[in-house]
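**Student:** Predicted model and sequence follow; I will ask about them next.
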Amino acid sequence: MSDLTSKIPSRFDLILFVMGIALFGGGALGALTVVPLSLAGGAGTAVASAAMFEALARNPPTES
């Protein structure tokens, strides 16, 4: 029987992925379009902050 838990990304892996995409996307949007960098970066930071709040405050990690 194979161990599938090591091949499937965990919830926290997905949250880190969302945070990275939000930060990179905000910076790229600000750099490549007419949207001000401060506005686009701020929006990306807000999304990443919401993901971090979800991961640490609403559903904190527990020992399994």
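**Tutor:** Sure, I can see it.

**Student:** okay, CA-based contacts and neighbour counts for the rest of this
**Tutor:** Fine.

**Student:** Name the secondary structure element that contains residue 29.
**Tutor:** Using DSSP states H and E, residue 29 sits within helix 11-32.

**Student:** helix or strand right after that helix?
**Tutor:** Immediately after helix 11-32, counting by DSSP H and E, sits helix 37-53.

**Student:** With only the CA atoms kept, save that next one in CSV.
**Tutor:** Extracted in CSV, the C-alpha atoms of helix 37-53 (Å, rounded to 0.1, in the frame of the first residue of the first chain):
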residue,chain,number,x,y,z
LEU,A,37,2.7,49.8,-7.6
SER,A,38,1.6,50.8,-4.1
LEU,A,39,-2.0,49.9,-4.9
ALA,A,40,-1.2,46.6,-6.5
GLY,A,41,1.4,45.7,-3.9
GLY,A,42,-1.0,46.6,-1.2
ALA,A,43,-3.8,44.4,-2.6
GLY,A,44,-1.3,41.5,-2.9
THR,A,45,-0.2,42.1,0.7
ALA,A,46,-3.8,42.2,1.9
VAL,A,47,-4.6,38.8,0.2
ALA,A,48,-1.4,37.3,1.6
SER,A,49,-2.2,38.6,5.1
ALA,A,50,-5.7,37.1,4.9
ALA,A,51,-4.2,33.8,4.0
MET,A,52,-1.8,34.0,6.9
PHE,A,53,-4.6,35.0,9.3
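
**Student:** and residue 54, how far is that from residue 60?
**Tutor:** In this view, residue 54 and residue 60 are 8 Å apart by CA to CA, to the nearest Å.

**Student:** one step back: pLDDT on the helix holding residue 29, on average?
**Tutor:** The average pLDDT within helix 11-32 is 94.

**Student:** Many thanks, we can stop here.
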